[in-house]
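Student: what shape does this take:
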Amino acid sequence: MQFRHPEILYFLFLLIIPVIVHLFQLRRFKKQYFTNVKLLQELSQQTRKSSVIKKWLLLATRLLLLAALIIAFAQPFFNAKDFKSKSNEMYIVLDNSFSMQAKGKKGELLKRSIEDLLENIPEEATFSLLTTDGQFWNTDIKSSGRDLQKITYSPSEFRLENLMARVNSRKSSVGKDIIVITDAAGLEQKELSSVPKNANTWFLVPEAEHSGNISIDSVYLNQTLDNFYEIGVRINASGDSEKEVPVAITNNGKLLAKTVVKMESGSKTQLFMLPRADFNGSASVSENGLDYDNEYFFSISAPKKIKVLSIGETADSQFLSRIYTAAEFDYLNLPLGQLDYNQIAKQDAIILNNLKEIPAALTTTLKDFYAKGGNIVLIPSAQSTAESLNAFAGSFGKAQYRNVASQEKLITKIAYTHPLYAGVFERKTDNFQYPKAKSSLTLQTATPAVLQFEDQQPFLSGIGNGVSDLFLFGAPIDRANSNFINSPLVVPTFYNMARNIQRSGVVALTIGRNQSFVVQSNLSKDEILTVKNNEVSFIPVQQALNDKVKMSFTDLPSTAGNYGIFNKESRVADVSFNYPRTESRLQPNVDALSGYTIIDNVSEVFDDIKDNRTNTDLWKIFALLALVFLITELLIQKFVK
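Tutor: Presented below is the predicted three-dimensional model:
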């Protein structure tokens, strides 16, 4: 037992006063006997004995009464079991990603979680609350109640390690209590390593009634016909989703096509035919899962002929002329000796085909071309050295050629998900006539390979800057060294390497990915481009590049939709933005939380803190004892003779 005011215990010395008074009252008297009063003498002795007992009882009750009062004023208490954590700081981590749109028994998971906080956080409690895109530091429920009700869904993915990094950045001399409220969708075990080991951590995992969800993952241009576009809409399904789902295509608010798709598997692609004209609309599904991923916004600009320049001998470039037909491309082949460097800036793609050496002046010109959104393809020559190739490739990023391998190898690995092959393959296949190369160079890049040899070495790889790509072959592809140009792969590979999606395909950027976008526009010194629709208007970071403008989108916009790019009142281009689809799968990974305390509501935490960290005060007990002793004294005075 401990005392908040132990100095008051000095008053216990006052207990000597009742003792002194009592001893004074119990002084001895001389006995005096009378004759013939035997009976009266016996009565007098009995009365004197009773009086002594009464005085001793009164002394005891008065001592206990005074002692109880003194101890009560000293405020005795017992320490709580976890009294050292009493001054801990409280942090609440709230998942407000789109997966929290799922509906539980009492409504949407995020809204119900906020109601739980408003109802169960004590008014006197101080806490800090962190969401994916915001925070409230050192607040209380009275001050932040209205702000909590205004929390909306964030397009950013819920990453526990990012939020824990913000918690850990708050240095403090006391401990930390952390409440994590998340549906645990996509939660990985490695993320939990970011939780402070010395913190008291509780997880509240609101549960959705249905774990099924259907989303539109992407839209791509499958092929361009004379009067129509054929687009592919990729639909993903997870959990107990509906077997049939309606899919609709709208352009500027007008319905163009609608069908019902049967979801026999987890993913399916539905093809649609659209008129070959400017498109600024969306693809949408109707289902009962999450709302945010039911619509995918995209834009298609009226196609213009793509300008492709091949630098190399005409005999080596004949296969390119059969791929880049006059219907879609303005194709030109020039030997290196006849090249006019002024023509490079006018192209959309440059192919360096079988050049023994690449002049330094050409490298410098191509770097500027690449920075302004042009694609480059490098096909090495059998006479090329690793040093000369590195002098060129190293100027664009982390790419390096090494020693030549003279053994014949098959090209067997295809990156089916790479943008070059979007919509090319209906499914992965093992029954394929793989091309081969007799000799090759070891190619190393910072990005995964597009095509690989059977020994995992890259045959085709690429590096990008956000607006353009540099594609690097790991072997000569002339007929003397490889049969790749006779392979079915050659057409989609070179066709898509020349096409820049920003000018000839589906434009659909992802919010929060810091993507860049290049538009054709001649800006004067004080002019800027504005991105807007009927609800939102903003000015992105932009850089003028002669007749082009490179725009960078960091966290803007915050709302998915179709937008226009304007130079004052003139519409320059269309662009569409979508939320990332990382939150579309609703299966919670509760197993990862096996080592943590899982709670049903926030009140459990505060009840636990109250029970384990609140000291047991005893002053009321001693005050009650003082009252009991006072009543006992009165009863002794009245009934004991």
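
Student: every contact and neighbour count from this point should use C-alpha atoms.
Tutor: Noted.

Student: export stretch 403-423 to CSV, keeping only CA atoms.
Tutor: Coordinates of each C-alpha in stretch 403-423 appear next as CSV, following Å, rounded to 0.1, in the frame of the first residue of the first chain:
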residue,chain,number,x,y,z
ASN,A,403,30.7,-10.6,-73.0
VAL,A,404,29.5,-12.4,-76.1
ALA,A,405,28.2,-16.0,-75.8
SER,A,406,28.6,-18.0,-79.0
GLN,A,407,26.4,-20.9,-78.1
GLU,A,408,23.0,-21.3,-79.7
LYS,A,409,20.0,-20.6,-77.3
LEU,A,410,16.3,-20.7,-77.6
ILE,A,411,14.1,-17.7,-76.7
THR,A,412,11.6,-19.3,-74.4
LYS,A,413,10.4,-16.8,-71.8
ILE,A,414,7.7,-14.3,-72.6
ALA,A,415,6.5,-11.6,-70.2
TYR,A,416,2.8,-11.9,-71.1
THR,A,417,1.8,-9.0,-68.8
HIS,A,418,4.2,-6.5,-70.4
PRO,A,419,2.5,-3.6,-72.2
LEU,A,420,4.1,-4.8,-75.5
TYR,A,421,2.0,-7.9,-75.4
ALA,A,422,-1.2,-6.5,-73.9
GLY,A,423,-4.0,-8.3,-75.7
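
Student: quick one: buried residues of that stretch?
Tutor: Across stretch 403-423, burial judged by 16 or more other CA atoms under 10 Å covers 404, 409-414, 416, 420-423.

Student: what does that stretch contact?
Tutor: Stretch 403-423 has contacts (CA atoms under 8 Å, 6 or more residues apart in numbering) with 220-222, 232, 386, 425, 428, 434-442, 449-456, 459, 492-493, 496-497.

Student: what about the stretch 1-150 of the chain, any weak spots by pLDDT?
Tutor: 25-50, 77-85 (pLDDT under 70).

Student: returning to that earlier point: ChimeraX command to pick out the buried ones of the contacts of stretch 403-423?
Tutor: Only the buried entries of the contacts of stretch 403-423 go into this ChimeraX selection, using 16+ other CA under 10 Å:
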select :220,221,222,232,386,434,435,436,437,438,439,440,441,442,449,450,451,452,453,459,493,497
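
Student: picking up where we left off before, and which of the buried residues of stretch 403-423 is nearest to Ile528?
Tutor: Closest approach between these and Ile528, by CA to CA: Leu420, at 32.6 Å.

Student: check the secondary structure at the closest one for me.
Tutor: Secondary structure assignment for Leu420 (DSSP: H, G, I helix; E, B strand; the rest coil): helix.

Student: tell me the confidence at it?
Tutor: Looking at Leu420, its pLDDT stands at 78.

Student: work out for me the element Asp555 sits within.
Tutor: Under the criterion DSSP states H and E, no helix or strand holds Asp555.

Student: tell me the pLDDT at the closest residue to it other than its chain neighbours?
Tutor: Nearest non-adjacent residue to Asp555, counting by CA to CA, 6 or more residues apart in numbering: Gly512, 4.7 Å away. pLDDT, Gly512: 83.

Student: is Gly512 in a helix, a strand, or coil?
Tutor: Assigned with three-state DSSP, Gly512 falls in the coil class.

Student: quick check: it touching Thr559?
Tutor: No - applying CA atoms under 8 Å as the test, Gly512 and Thr559 come out as separate, 10.6 Å apart.

Student: between the two, tell me which one has more neighbours.
Tutor: Neighbour comparison, Gly512 and Thr559: the larger count goes to Gly512, with 19 against 14 (by other CA atoms under 10 Å).

Student: tell me how far that one lies from Ser156.
Tutor: Note on Gly512: its distance to Ser156, by CA to CA, to the nearest Å, is 7 Å.

Student: show me whatever sits in contact with both of those two.
Tutor: Pro580.

Student: in strands only, show me the buried residues of stretch 403-423.
Tutor: Cross-referencing the buried residues of stretch 403-423 against strands under DSSP state E gives 404, 409-414.

Student: how about CSV for these, with pLDDT and distance to Leu625 added?
Tutor: Below are those laid out as CSV (pLDDT from 0 to 100; distance: CA to CA, whole Å):
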residue, pLDDT, distance to Leu625
Val404, 80, 97
Lys409, 91, 95
Leu410, 91, 94
Ile411, 90, 92
Thr412, 88, 90
Lys413, 89, 86
Ile414, 87, 86
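
Student: return the member of the residues you listed nearest to Gly253.
Tutor: Closest approach to Gly253 among these (CA to CA): Ile414, at 38.6 Å.

Student: right, and Asn280 touches Leu274 too?
Tutor: No - using CA under 8 Å, Asn280 is not in contact with Leu274, being 11.8 Å away.

Student: which of these two has more residues huddled nearby?
Tutor: Asn280 (23 against 18).

Student: check which helix or strand covers that one.
Tutor: strand 279-285.

Student: other SSEs contacting the next helix or strand after that strand?
Tutor: Downstream of strand 279-285, the first helix or strand assigned by DSSP H and E is strand 295-300. Packing contacts for strand 295-300, counted by 3 or more CA pairs under 8 Å, 6 or more residues apart in numbering; DSSP states H and E, involve strand 213-224, strand 279-285, strand 506-507, strand 561-567, strand 570-578.

Student: save those strands as TSV, and put in distance to Leu635 and mean pLDDT too.
Tutor: Formatted as TSV, the helices and strands packed on strand 295-300 follow (distance: least, CA to CA, whole Å; pLDDT from 0 to 100):
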stretch	distance to Leu635	mean pLDDT
strand 213-224	77	86
strand 279-285	85	93
strand 506-507	95	88
strand 561-567	86	94
strand 570-578	84	92
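
Student: can you pull the contacts of Leu221?
Tutor: Leu221 sits next to 229-232, 423, 505-506 when contact means CA under 8 Å, 6+ apart.

Student: now the residues you listed in TSV, with distance to Val261?
Tutor: Formatted as TSV, the contacts of Leu221 follow (distance: CA to CA, whole Å):
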residue	distance to Val261
Tyr229	20
Glu230	17
Ile231	15
Gly232	13
Gly423	18
Gly505	24
Val506	22
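
Student: could you find the lowest-pLDDT member of the residues you listed?
Tutor: Lowest confidence among the contacts of Leu221: Gly423, with 61.

Student: sorry, back to before: among the contacts of Leu221, which ones are in helices?
Tutor: Using DSSP state H, no member of these falls in helices.

Student: now, the most widely separated pair of the residues you listed?
Tutor: Across the contacts of Leu221 (CA to CA), the longest gap, 13.3 Å, separates Tyr229 and Gly423.

Student: okay, and the common contacts of those two?
Tutor: Common neighbours of Tyr229 and Gly423 (CA under 8 Å, 6+ apart) are 221-222.

Student: what does the strand holding Asn280 contact?
Tutor: 214-216, 233, 245-253, 294-301, 562, 574, 576.

Student: please apply the same query to stretch 450-466.
Tutor: 371, 397, 409-415, 418, 442-449, 469-475, 515-517.

Student: among those residues, which are located in helices?
Tutor: Ala371.

Student: kindly indicate whether Pro488 is helix, strand or coil.
Tutor: coil.

Student: how much space between it and Ala327?
Tutor: In terms of CA to CA, Pro488 sits 21 Å off from Ala327.

Student: repeat that for Gln515.
Tutor: Distance, Gln515 to Ala327, by CA to CA: 31 Å.

Student: which of those two has more residues huddled nearby?
Tutor: Neighbour totals were compared for Gln515 and Ala327, and Gln515 leads with 16 against 10 (other CA under 10 Å).

Student: gap between the two ends of stretch 308-328?
Tutor: 10 Å.

Student: avg pLDDT for that stretch?
Tutor: What stretch 308-328 shows for mean pLDDT is 90.
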